[in-house]
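Novice: Quick check, what structure comes out for this input:
(one chain, ligands or ions: 1)
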Amino acid sequence: MNLTTATEAELLARRDRLREQYAALKGRGRSLDLTRGKPSAAQLDLSAPLLSLPGPEAYTGADGTDVRNYGGAMGLPELREIFSGPFQVPADRLLALGGSSLELMYDCVAHALLLGLPGSVRPWAAEQSVAFLCPVPGYDRHFGICEQLGVDMIPVPMTADGPDMDRVEHLVARDPQIKGIWCVPKYSNPTGVSYAPETVRRLAAMPTAAPDFRIFWDNAYAVHHLTDAEPQIADVLALAAAHGNEDRPFVFGSTSKITFPGAGVAFLGASPANVRWTLRHLSRRTIGPDKVNQLRHTLFLRDADGVRDHMRRHREVLAPRFDLVERVLTERLGGTGIASWTRPEGGYFVTLTVPDGCATLTVSLAAEAGVALTPAGAPYPYGRDPHDHTIRIAPSYPSLPELSEALEALTVCVLLAGVERLLG
Ligand code: PLP
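Specialist: Below you'll find the predicted structure:
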């Protein structure tokens, strides 16, 4: 039934039924979790051989480097070669570093604030203020970096093609304090959107008032496909160089959701000047990355085809979960007129949109019924969703039966919050 066109009597009857269903849910005393965008144990098992690599005999890289020792600031060349294609960065400009790409992003912003970047007139912290554009809904931890380091955040709406580029171009052309933009260009967190080629071209080409404007290109889901399409996005580094803005993009990625989160390898790719800048600051901070882990990853993944094969196995575990989300949401919320959701072709998340003003209520109803959801507002700067309508669903971690139960409960909460709202 389309609830938005229902009579008051119909809505009241529906509310009574939903309240009964909700009371039954609470009575079950379950504890289910849809917050965690992390791989399930079945996915981690796919990388189990890593735990016995490289073994006691293997400790030299292809060029004879002893990976057990200090040095090799750029990371193991053969691993950088493997990920050059997936991250669309020439291997000589792709650094393989520690275990977390978020850490690299944090360091990059912190170093820009403290020391300035190639093209900076002064360190960002010496500016009157510094702001980043934040496509919304977006990744809460990007916004957390800005909040922590005192970088102002300017939300920009996401469209089906990526950030609203008219708005982005308008803002960056006028305001020299806008120094950066956060981008998750493929299977974006949380909308699943992949940037259209024209969006990437405009980002690479647009005039910016700040001479040291940077795109933080967080390609966290570069190879995390859920369909056979396996699309490639446009090459931001090549496009930026072609438009005379070679130093604009910083590309980030990691094997967190390929092998082991926290025990993987993170990558940074950029122009030669940005790479030199990164290595200069890194050299004060570390005498070299964990090349034993990098060798382990090289031996395990072998080459770009090895990465592709491995990700297909991830897909076999993940795709049924996303299918289940689609099935339950369609069965329970389809045609009600009060909810819409994304059907991602990759990545880790589904975004559920409920009526304005209903996300916080839905999340708290779900919490009381034993289903943990990411706090409403989390995908927005400062945790404030101006419409209070976005809910992020992370289906990767629970088992299929748990996921099914959690989704059924969630839909009752969405309907109850929606009907209460319609009844005023
Ligand atoms: N970037 C995005 C968009 C993510 O969704 C995540 C994890 O959920 C990360 C980065 C974290 O990456 P890492 O584990 O390499 O720090």
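Novice: Run the chain-centre distance for the top strand by length along the chain.
Specialist: As assigned by DSSP state E, the longest strand anywhere in the chain is strand 152-159. Put simply, strand 152-159 sits 15 Å off its chain's centre (CA atoms, centre = their mean, to the nearest Å).
Novice: That strand pairs with which strands?
Specialist: Sheet pairing of strand 152-159 (DSSP bridges) gives strand 131-136 (parallel), strand 162-163 (antiparallel).
Novice: right, so these: which one is the most enclosed?
Specialist: Stretch with highest mean neighbour count among the strands paired with strand 152-159: strand 162-163 (a mean of 26; mean count of other CB atoms under 10 Å). Where you see a C-beta, it was placed from the backbone N, CA and C, and this is true even at glycine.
Novice: how far does the helix or strand L410 falls within sit from the chain's center?
Specialist: Taking DSSP states H and E as the criterion, L410 maps to helix 400-422. Relative to its parent chain, helix 400-422 has a centroid offset of 25 Å by CA atoms, centre = their mean.
Novice: by how many degrees do the strand or helix carrying R202 and strand 152-159 diverge?
Specialist: Assigned by DSSP H and E, R202 belongs to helix 197-205. Computed by axes from the mean of the first three to the mean of the last three CA atoms, to 10 degrees, the angle separating helix 197-205 from strand 152-159 equals 150 degrees.
Novice: okay but L239 is in contact with R201, surely?
Specialist: Yes - look at L239 against R201 with CB atoms under 8 Å: they come within range, at 5.6 Å.
Novice: Can you mark which positions in the longest strand of the chain are buried?
Specialist: For strand 152-159, a neighbour-count test (16 or more other CB atoms under 10 Å) marks 153-156, 158-159 as buried.
Novice: Briefly note if that strand comes near the ligand.
Specialist: No - using CB under 6 Å from any ligand atom, we find that strand 152-159 stays clear of the ligand, coming within 13.2 Å at best.
Novice: What mean pLDDT does that strand get?
Specialist: For strand 152-159, mean pLDDT is 98.
Novice: ok so F260 is a strand residue?
Specialist: No - F260: not assigned to a strand; according to DSSP: H, G, I helix; E, B strand; the rest coil it is coil.
Novice: sorry, back to before: P272 is nearest to which of the strands paired with strand 152-159?
Specialist: P272 sits nearest to strand 131-136 of all the strands paired with strand 152-159, at 24.3 Å, using CB to CB.
Novice: CA atoms only: put that closest one into PDB for me.
Specialist: C-alpha atoms of strand 131-136 as PDB (Å, rounded to 0.1, in the frame of the first residue of the first chain):
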ATOM      1  CA  ALA A 131      37.900  24.400   4.100                       C
ATOM      2  CA  PHE A 132      37.300  21.100   2.300                       C
ATOM      3  CA  LEU A 133      34.300  20.300   0.100                       C
ATOM      4  CA  CYS A 134      32.500  17.200   1.400                       C
ATOM      5  CA  PRO A 135      30.200  15.400  -1.000                       C
ATOM      6  CA  VAL A 136      27.300  14.100   1.100                       C
END
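Novice: which residues are in contact with it?
Specialist: 142-143, 146, 151-158, 162-163, 168, 171-172, 175, 177-183, 188, 216, 379-381 (CB atoms under 8 Å, 6 or more residues apart in numbering).
Novice: Domains in this protein, by residue range?
Specialist: Following automatic domain parsing, one finds the domains of the chain at 3-43+308-422, 70-302.
Novice: in the helix holding R202, what's buried?
Specialist: 199-204.
Novice: Repeat that for stretch 370-377.
Specialist: 370-371, 373-377.
Novice: What of stretch 291-308?
Specialist: 291-301, 307.
Novice: interface residues of this protein facing the ligand?
Specialist: So the chain meets the ligand at 37, 100-102, 139, 184, 189, 218, 220, 254, 256, 261, 266 (CB under 6 Å from any ligand atom).
Novice: Which of the residues you listed has the largest number of neighbours?
Specialist: The most crowded member of those, judged by other CB atoms under 10 Å, is S254 (29 neighbours).
Novice: So what pairs up with that residue in the strands?
Specialist: Counting by DSSP bridges, S254 forms beta bridges with A266.
Novice: okay but it is in contact with L268, surely?
Specialist: No - S254 lies out of contact with L268 (CB under 8 Å); the separation is 9.8 Å.
Novice: Tell me the one among the buried residues of stretch 370-377 nearest to the ligand.
Specialist: T374 (11.2 Å; CB to the nearest ligand atom).
Novice: confidence score at the closest one?
Specialist: So, for T374, pLDDT stands at 92.
Novice: quick one: contacts for it?
Specialist: 34-35, 140, 363, 391-392, 394.
Novice: cool, K291 as well?
Specialist: When contacts are counted by CB under 8 Å, 6+ apart, K291 touches 61, 65, 67-68, 72, 75-76.
Novice: Just give the nearest non-adjacent residue to it, would you?
Specialist: V67 (3.8 Å; CB to CB, 6 or more residues apart in numbering).
Novice: The one you found contacts E78, correct?
Specialist: No - counting by CB under 8 Å, V67 stays clear of E78, with 10.7 Å between them.
Novice: just to revisit the earlier point, P272: which of the contacts of T374 is nearest?
Specialist: Looking at the contacts of T374 and their distance to P272, the nearest is D140, at 32.7 Å (CB to CB).
Novice: who are the neighbours in contact with V156?
Specialist: Going by CB under 8 Å, 6+ apart, V156 touches 133-136, 163-164, 167-168, 171, 181.
Novice: Going by distance to P118, which of the residues you listed wins?
Specialist: I181 (17.6 Å).
Novice: helices and strands around whatever helix or strand that closest one lives in, which ones?
Specialist: Following DSSP H and E, one finds I181 within strand 178-183. When contacts are defined as 3 or more CB pairs under 8 Å, 6 or more residues apart in numbering; DSSP states H and E, strand 178-183 sits against strand 131-136, strand 162-163, helix 165-174, strand 214-218.
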